[in-house]
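[1] Below: sequence and its predicted model.
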Amino acid sequence: MKKKVIILILFITAVCSAFFLYSSKKNGSENALTMYGNVDIRDVTLGFRVSGRLEKLMFEEGDRVKEGDLLAVLDKKPYEDQLAVAEARLESAESVFSKMLSGLRPQEIEEARAQVHEREATLINLERTYKRQDELFKLNAVSAQAHDEALAARDEARARLKMARKSLELALAGYRDEDIRAAGAEYKAAAASVESAKTSLADTEIISPSDGVILTRVREKGSIIASGAAVYTIALDSPVWIRTYAAEPDLGRIYPGQKAEIYTDTNPGKPYVGQVGFISPQAEFTPKNVETTALRTDLVYRLRIIVDNPDKFLRQGMPVTVKLSE
């Protein structure tokens, strides 16, 4: 009898333990926070930063592209010409600036010094001539015109010598600082023009910024494109985000990094795994495209759920159900 009582007690204990475990699992499932949302639509519209004639389009709508792929090209000829002109101006400005920094060549200085010596000798000779003419003029041996011509030649020689000496001083002193700075500024402006021309030439190509799928191809080959005009729209592959909304009473149950399961109508038995990446600090009204069963007009807070294991079946705009574990 005593043995039967012990067996009965053990049986009741086992049944209670199993019931408690089942209740815990059931309550845990019921306590999971369920929300509704959509896969965020994330795309990028691409165009040229410069205008021109569209020469090549590499992809069609629906094609998959990788980051760094060349998508479209404008006619490069006008921009190559602009670059050639800018490079020629840079070469000229660089030569002038180098000349200013180096100063005059030794040969030019020697030439200026030789010119001074030459004019000094010319002045000495003309002063002697004038002295003789002056003595003869006092004796009435020469005309007044000859006397005046000798005087004028001497004065002209003095002026020319003075000019040559000034030129020699300038040659020895080199270029003025303000002239050097002006030449340097011209050189920098020319270099900047070359870089600008290179940038414009590079902007004749559209490069894919990330992996994705071509949604739309807006233009065709031969079109004249204005700068900024749309050419392609790409749906981005990653990261994949879920946009959903939580009511204010549930905010205390949500925190960044919280684990989440994302269910789709396509494959409800195979949830995606993710985590809470962002909780909006501002309240807003629930968008009508969120398929909630209640609270459509109440204030809610936007959440971003980052999906860890997205695949090709998780498409942008798709409605999903999100369950946050606690």
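    Received it, and whenever you're ready, just let me know what you need. Residues are numbered from 1 along each chain as shown.

[2] Secondary structure element for Ala191, which one?
    Element membership for Ala191 (DSSP states H and E) is helix 177-202.

[3] Backbone torsions only: list them for Lys166.
    When quoted as degrees, to the nearest 10, the phi and psi of Lys166 stand at phi -60, psi -40.

[4] tally of neighbours for it?
    Using other C-beta atoms under 10 Å, Lys166 has 12 other residues around it. Just so you know, the C-beta spots here come from the backbone N, C-alpha and C atoms, and that holds for glycine as well.

[5] residue contacts, it?
    Not one residue lies near Lys166 by C-beta atoms under 8 Å, 6 or more residues apart in numbering.

[6] separation between it and Glu178?
    19 Å (C-beta to C-beta, to the nearest Å).

[7] same check, this time on Leu123
    34 Å.

[8] Check what contacts stretch 144-158 and list those residues.
    By C-beta under 8 Å, 6+ apart, the surrounding residues in contact with stretch 144-158 are Arg119, Thr122, Leu123, Leu126, Glu127, Thr129, Tyr130, Gln133, Asp134, Leu136, Phe137.

[9] same question, stretch 126-134
    Val142, Ala146, His147, Ala150, Leu151, Ala153, Arg154, Ala157.

[10] buried stuff in that stretch?
    Within stretch 126-134, the residues that count as buried by 16 or more other C-beta atoms under 10 Å are Leu126, Tyr130, Gln133.

[11] After the least confident helix or strand in the chain by mean pLDDT, which helix or strand is next?
    Least confident helix or strand of the chain, by mean pLDDT, DSSP states H and E, is helix 2-31 with a mean of 43. Next along the chain after helix 2-31, taking DSSP H and E as the criterion, comes strand 33-39.

[12] tally of neighbours for Tyr301?
    Tyr301: 18 neighbours (other C-beta under 10 Å).

[13] scratch that, Glu118
    Using other C-beta under 10 Å, Glu118 has 13 other residues around it.

[14] Equivalent analysis for Gln145, please.
    8.

[15] heads up, I number from 201, so please use that
    Yes, from this point I'll number from 201; that puts the last item at Gln345.

[16] Quick check: which element contains it?
    Gln345 is part of helix 344-373, with elements assigned from DSSP H and E.

[17] Hmm, Val394 is touching Ala286, no?
    Yes. Here Val394 reaches Ala286: they are 4.5 Å apart, a contact under C-beta atoms under 8 Å.

[18] just to revisit the earlier point, kindly reformat the contacts of stretch 326-334 as TSV and extend each row with pLDDT and distance to Arg502.
    Shown next, in TSV, are those (pLDDT from 0 to 100; distance: C-beta to C-beta, whole Å):
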residue	pLDDT	distance to Arg502
Val342	82	112
Ala346	85	108
His347	85	107
Ala350	87	103
Leu351	88	101
Ala353	90	98
Arg354	89	98
Ala357	88	94
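
[19] sorry, back to before: gap between the helix holding Ala391 and the chain center?
    For helix 377-402, the distance from its own C-alpha centre to the chain's C-alpha centre is 20 Å (C-alpha atoms, centre = their mean, to the nearest Å).

[20] which non-adjacent residue is nearest Ala391?
    Leu290 (5.7 Å; C-beta to C-beta, 6 or more residues apart in numbering).

[21] May I have the phi/psi pair for the one you found?
    Dihedral pair for Leu290: phi -60, psi -40, per degrees, to the nearest 10.

[22] I'd guessed it sits against Ala390; true?
    Yes. Taking C-beta under 8 Å as the contact criterion, Leu290 and Ala390 are neighbours in contact, 4.1 Å apart.

[23] Spatially nearest residue to Asp465 (excluding sequence neighbours)?
    That would be Pro519: by C-beta to C-beta, 6+ apart, it lies 7.1 Å from Asp465.

[24] Tell me the residue in the chain that is farthest from the middle.
    Leu339 (90.2 Å; C-alpha atoms, centre = their mean).

[25] Relative to Arg354, how far out is that residue?
    In terms of C-beta to C-beta, Leu339 sits 20 Å off from Arg354.

[26] Look at Met300 and report its pLDDT.
    We have a pLDDT of 79 for Met300.
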